[in-house]
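Chemist: What follows is a predicted protein model with its sequence.
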Amino acid sequence: MGNDGTVNTGPDWPLSNIVNQTHGNGTKIWTSLKLASASDFLMNNNKNTFQMVSKNVINLLKIAKYNGILFDIEGLKFNVKDKYEDFVKAFSETLATDRNSQIEFSTTYYGIKLLENEHAPTAYNISKLSSFGNIFIMAYDMSWYGLKPKFGWKQASPNAPLNGLQALVKNAINRKVNPGKLILGLPLYGRIYICDGEESNDQYGNCTCKEKNFKKKSLDILNNIWQDESNGCNLGYNEISATPFWECNNYENKQQRTQGWFENSKSLNLKINLASNKQLMGIGAWTAHGIAGGTKFDSNIWNLITKYILEGVTNKK
């Protein structure tokens, strides 16, 4: 994006084959908007530029037959708060005045921020942002609910604990956000931790780490690991966070305690029902390498999501 409001696209745009396949399945397709040097761009421009950018981006989407756009602009400092709100508002106003446009848009919001002090300085005011469009809550990359922020890597932990999700949804609603504008983004991936730390904390489990050593893996991979007898694994389930986990003593033949925390149809059933019970706009999913749907484990998850999409509920148990 140029300071004159021009918008340049990459060589692969607009991925017409994917757009056509998606529409052929009767599904809408969105793209995401990311800004290189976002803070600099926002600080160095004004509402007029933002209006030009919004019109040019939306025009590109219409020509390419996209149905929506997701703002994925992370890491902004508090000093650009007003400029960021002006930028998001520009898109809202452009879409409101474009009678020929059916394009929708949402803004991502890092879920952990909803567990912080409401009055802490941040560039992301969820109440204000939700007045312009929908909010996609990135409710993943979390840790034990109640653990000190920024220290989650020290403990093997759930990626999206149910009690943490309940708290952040409650806090969003308490901050005057219409639940019908909230999308609960859930992880279709998990994390593997090497238990090489010296501390033991019974409150949050017993696998601690010396350094940030976790690796993200897709759910089907994590589910296969504990079933491989050579890895020496035991499967468990944490009821408080509604999260399955395994512990192995020989993962990758390293003869070292390792834990994997992930999701399955049982855990996702409870987390999707949170969105249903609170009458949120819907759910989203973030994957690491995807889940192919070729196994019963994968199919059970996709069937759960499909049931929610079609009926608004899963299996209420």
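Modeler: Ah, there it is.

Chemist: Going by C-alpha atoms from here, please, whenever you check contacts or count neighbours.
Modeler: Noted.

Chemist: May I have stretch 123-132 exported as PDB, CA atoms only?
Modeler: Written as PDB, here are the backbone C-alpha positions of stretch 123-132 (Å, rounded to 0.1, in the frame of the first residue of the first chain):
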ATOM      1  CA  ALA A 123      -4.000  -0.400  20.300                       C
ATOM      2  CA  TYR A 124      -6.900  -2.800  20.200                       C
ATOM      3  CA  ASN A 125     -10.100  -1.600  21.800                       C
ATOM      4  CA  ILE A 126     -12.500  -4.400  21.200                       C
ATOM      5  CA  SER A 127     -15.600  -2.300  22.000                       C
ATOM      6  CA  LYS A 128     -14.700   0.300  19.400                       C
ATOM      7  CA  LEU A 129     -13.500  -2.200  16.800                       C
ATOM      8  CA  SER A 130     -16.700  -4.200  17.100                       C
ATOM      9  CA  SER A 131     -18.700  -1.100  16.200                       C
ATOM     10  CA  PHE A 132     -17.100  -1.200  12.800                       C
END
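
Chemist: Contacts for that stretch, please.
Modeler: Residues outside stretch 123-132 that contact it (CA atoms under 8 Å, 6 or more residues apart in numbering): 76-82, 84-85, 88-89, 92, 107, 109, 135, 172, 175-178, 181.

Chemist: Any of those residues buried? List them.
Modeler: Neighbour counting with 16 or more other CA atoms under 10 Å marks 76, 80-81, 84-85, 88-89, 92, 107, 109, 135, 172, 177-178, 181 as buried within these.

Chemist: so which of those residues would you say is closest to Lys34?
Modeler: Using CA to CA, Thr107 is the member of the buried ones among the contacts of stretch 123-132 that lies nearest Lys34, at 11.1 Å.

Chemist: unless I'm mixing things up, that closest one is touching Phe136, no?
Modeler: Yes: with contact defined as CA atoms under 8 Å, Thr107 counts as touching Phe136 (5.9 Å).

Chemist: where does this protein have low pLDDT?
Modeler: Along the chain, segments meeting pLDDT under 70 span 200-204, 288-290, 292-293, 313-317.

Chemist: Quick one: the strands in it, in order.
Modeler: When secondary structure is read from DSSP state E, the chain shows strands at 30-33, 68-71, 104-110, 134-138, 182-194, 215-218, 233-238, 243-248, 258-261, 282-287.

Chemist: List the contacts of the nearest residue to Asp141 once chain neighbours are set aside.
Modeler: Leaving aside its sequence neighbours, Asp141 sits nearest to Asn159 (CA to CA, 6 or more residues apart in numbering; 5.2 Å). Contact partners of Asn159, counting by CA under 8 Å, 6+ apart, are 140-143, 187, 190-191, 261-262.

Chemist: Please repeat the previous calculation with a cut-off of 6 Å.
Modeler: Contacts for Asn159 were tallied using CA atoms under 6 Å, 6 or more residues apart in numbering; they are 140-143.

Chemist: With Asp4 instead?
Modeler: By CA under 6 Å, 6+ apart, Asp4 lies in contact with nothing.

Chemist: how close does it sit to Asn25?
Modeler: Separation of Asp4 from Asn25 (CA to CA, to the nearest Å) stands at 38 Å.

Chemist: Same question for Lys55.
Modeler: In this view, Lys55 and Asn25 are 29 Å apart by CA to CA.

Chemist: Equivalent analysis for Lys47, please.
Modeler: For Lys47, the distance to Asn25 - CA to CA - is 38 Å.

Chemist: neighbour-wise, which of those two wins?
Modeler: Set Lys47 next to Asn25 and count neighbours by other CA atoms under 10 Å: Lys47 wins out with 14 against 8.

Chemist: Could you count how many residues lie near the nearest residue to the more buried one once chain neighbours are set aside?
Modeler: Spatial nearest neighbour of Lys47, chain neighbours left out: Asp86 (6.3 Å); criterion: CA to CA, 6+ apart. For Asp86, the neighbour count with other CA under 10 Å is 20.
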